[in-house]
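> would you be able to build a 3D model of this:
(chains A and B)
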Amino acid sequence: MEEISSLMQGFGVALTPYNLALMFVGIVLGVIIGVLPGLGGANGVAILLPLTFSMPPTSAIIMLSCIYWGALFGGAITSILFNIPGEPWSVATTFDGHPMARQGRADEALTAAFTSSFVGAFVAVVVITFLAPLIARFALQFGPAEFFSVFFLTFASFVGMGRGSPWKTIAAMALGFALATVGMDGVTGQLRMTFGFDQLLSGFGFLIAVIGLFGIGEILASMETGLQFKGSEAKLRLGVVLTTWKKLLTYWATSIRSCVIGCWMGITPGGATPASFMSYGLAKRISPRGANFGKGEMEGVVAPETAAHAAGTSALLPMLTLGIPGSPTAAVLLGGLLIWGLQPGPLLFVEQKEFVWGLIASMYLGNIVGLIVVLTCVPLFAAILRVPFSIVAPVILVICAIGAYTVNNAMFDVWLMLVFGVVGYAFNKLDYPLAPLVLAIVLGDRAEESFRQSMLLSQGNLSIFWSNPLVASIMSLGLLMLVWPLLSSLRTPKTPGQSAAAPS
Amino acid sequence: MHEQNDAPEEASLASNRVLEIIVALALLTVSAVIIYDSIRLGFGWVEGQGPAAGYFPFYIASVLGIASLAILLKAVVGNTEELRESFVSRVAFGRVLTVLLPSIVYVAAIQYIGLYVASALFIMIFMITVGRESVLRSIMVGVAVPVFFFLMFEKWFLVPLPKGPLEAMLGY
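Residues are numbered from 1 along each chain as shown, chains lettered A, B, ... in the order given. Below you'll find the model as predicted:
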């Protein structure tokens, strides 16, 4: 039980007054970020990242990961009270959460959502605690070919598990990789795709891309719909919380199933959004109250929220052990690790024990703090949404501009942010997925490096990717994922009844 | 998010089809530019170095090119309901421009008058003209936000942001 003792040491690191205070600040900021349109987990963390450069890395990642937890919690508030999903993974929460609020059961819906989120996240952290060291130890033996195969599987999964057009997923991904190649080539030192622009020497900063795509893009989209918030009031009384908790116990089967779906989708880069939909769809089909789904059934809030948080949390597992993030926000956190001089990957567990276990311990504490904060402060956070959008929009734009500027202290980046904003707006409306684009920008360099190293080892022979059972099975799984949309499009016309029932 | 779209009586500015074609052509252009530069860098095998610097970008850009051609083809010959639907109505696009154009002016202004003053003006003008908020409230928010950020960045975190003549006058 080496993990337990490491975890206890981790608690020792995380449980300092300074770190606890940062945790609290992170959660509150995170919920606000999750509630406000135009600020989500990924770009919220991206904007605040430069401010943490001066902190010790452990404290910095504790605060940033708490912002992430807070944003996960915050998404549920807007979904239930205002029928506006603050984050894509809380779309499924609106299906039953908002009807409940309209029936005057907002307090029950919120309690159910927060508690399920907590349960999902908690289970995922337990999974991380015991699985991560194993995977890290295993991955220590990985060579470049194995790493490339994992990268390949990561991106192929986006194609296989994405819900939109596979061509658009591929295009978004390839664009991300292409942007990642801009700048100085790490191997040969040649300049690539810079066309004489000095600003492009160091390439496109992915933080800028995240702030633009998610932040500015979101503001533009919100402006278009002429956003007006019409929401229900909410106040959580202890009595309601307790009776709801009692009711939640009867949904234990749904909770367990949702946790499994969430953890699986988070570790493989399916991400929180498909996890929440899949969990909702399954619960609807399996539950005896399935017919009530969509009309305000509490189980319909439990399923997506549990899965989304389990996925959001377990997305950190591949980031820590392999250096491959499972979600855009995890990608931003990974960018942070690189800036602090920590190389994410299996060696982290050997060389930076204190950091890793401090972070894992902070996940336990952060989610407990988070649950308490959201349960007690809902009216406060709901009030933020009543601030007119004409105040929120310019202030968020200013925050994004500051965030983009502070990455490299360059005005060029602020312009770039606006360009990415327009791209994000158009991509979003045409259903180009943004997550593979961002992940490709972050991982492009390392995916290319592992590919070139493998090629060098094998003298240009592609068979290196099938040279041992491990790398061969990962590559084959990746190929299967790539052709999956093709296979399922061949199959669907024959079984129209089944596909109609499937959650889309 | 498509449910919240515009009311039917609002005139459409462009259909999804037009936008699909524009974006696919833009992606195709990006792909062509990268392939052009990859060929300059060489995309073959270099003895002792492995794949040349242009190798990876060349194939990535080829994939991008193929994918955007597929999207383009679907948009041109496809005939789905979604393609005919409006991408954005005139009114809605007007609202998008009311935030996009001032943002461009704002970013340009940062270079001349500094971030804090530009932010103050941006927030005030946006609130008064777009939000039709009262002038007093707009000025209060417009001043309070940059002052807060000034204290936060220049004093607390010691991260310098672009400053203009006003800050210079005050001795920063």
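
> can you tell me the SS state at residue A:294?
Secondary structure of residue A:294, reduced to three states by DSSP: H, G, I helix; E, B strand; the rest coil: coil.

> tell me the phi and psi of it?
Dihedral angles phi and psi of residue A:294 (degrees, to the nearest 10) take the values phi 100, psi -10.

> measure it to residue A:307 for me?
Distance, residue A:294 to residue A:307, by C-beta to C-beta, to the nearest Å: 17 Å. (Glycine included, C-beta is placed from N, CA and C.)

> any idea of the mean pLDDT for the lengthiest helix in chain A?
Residue-count comparison of every helix in chain A, with assignments taken from DSSP state H, identifies helix A:106-139 as the longest. Regarding helix A:106-139, the rounded mean pLDDT is 90.

> can you check stretch B:165-172 too?
For stretch B:165-172, mean pLDDT is 85.

> for residue B:172, what are its contacts?
Contact analysis of residue B:172 by C-beta atoms under 8 Å, 6 or more residues apart in numbering or on different chains lists B:154, B:163.

> what separates it from residue B:153, distance-wise?
For residue B:172, the distance to residue B:153 equals 11 Å [C-beta to C-beta].

> between residue A:294 and residue A:307, which one's more packed in?
Set side by side, residue A:294 and residue A:307 give different neighbour counts by other C-beta atoms under 10 Å in any protein chain shown, the larger being at residue A:307 (38 against 13).

> so who does that one touch?
Taking C-beta under 8 Å, 6+ apart as the definition of contact, the neighbours of residue A:307 are A:120, A:258, A:259, A:261, A:262, A:265, A:272, A:275, A:276, A:278, A:279, A:280.

> what's the domain layout of chain B?
Structurally, chain B divides into domains by automatic domain parsing as follows: B:12-88, B:91-169.

> chain A: which of those domains is closest?
domain B:91-169 (2.3 Å; C-beta to the nearest C-beta).

> ok, for the residue positioned nearest the centre of chain B, nearest residue in space, not its chain neighbours?
Nearest to the geometric centre of chain B sits residue B:100, at 8.4 Å (C-alpha atoms, centre = their mean). Taking C-beta to C-beta, 6 or more residues apart in numbering or on different chains, and ignoring the residues beside it in sequence, residue B:100 has residue A:220 as its nearest neighbour in space, at 6.3 Å.

> quick check: pLDDT value at the closest residue to residue B:19 other than its chain neighbours.
Here the nearest residue to residue B:19 in space, its sequence neighbours aside, is residue B:87; by C-beta to C-beta, 6+ apart that works out to 4.5 Å. At residue B:87 the predicted local distance difference test score is 86.

> what of the one 10 residues further on?
As summarised for this prediction, residue B:97 has a pLDDT of 91.

> shouldn't it be within a helix?
Yes. Per three-state DSSP, residue B:97 lies within a helix segment.

> ranges for the helices of the stretch 101-250 of chain A?
In the stretch 101-250 of chain A, helices defined by DSSP state H, counting those that start in this stretch lie at A:106-139, A:144-161, A:166-181, A:206-210, A:217-224, A:238-249, listed in chain order.

> just those helices: most buried one?
Sort the helices of the stretch 101-250 of chain A by mean neighbour count, taking mean count of other C-beta atoms under 10 Å in any protein chain shown, and helix A:206-210 sits at the top with a mean of 28.

> helices and strands around that helix, which ones?
Contact partners of helix A:206-210 among helices and strands, from 3 or more C-beta pairs under 8 Å, 6 or more residues apart in numbering or on different chains; DSSP states H and E: helix A:41-48, helix A:328-339, helix A:389-408, helix A:411-429, helix A:434-458.

> kindly recompute the last result at 6 Å.
helix A:41-48, helix A:411-429, helix A:434-458 (3 or more C-beta pairs under 6 Å, 6 or more residues apart in numbering or on different chains; DSSP states H and E).
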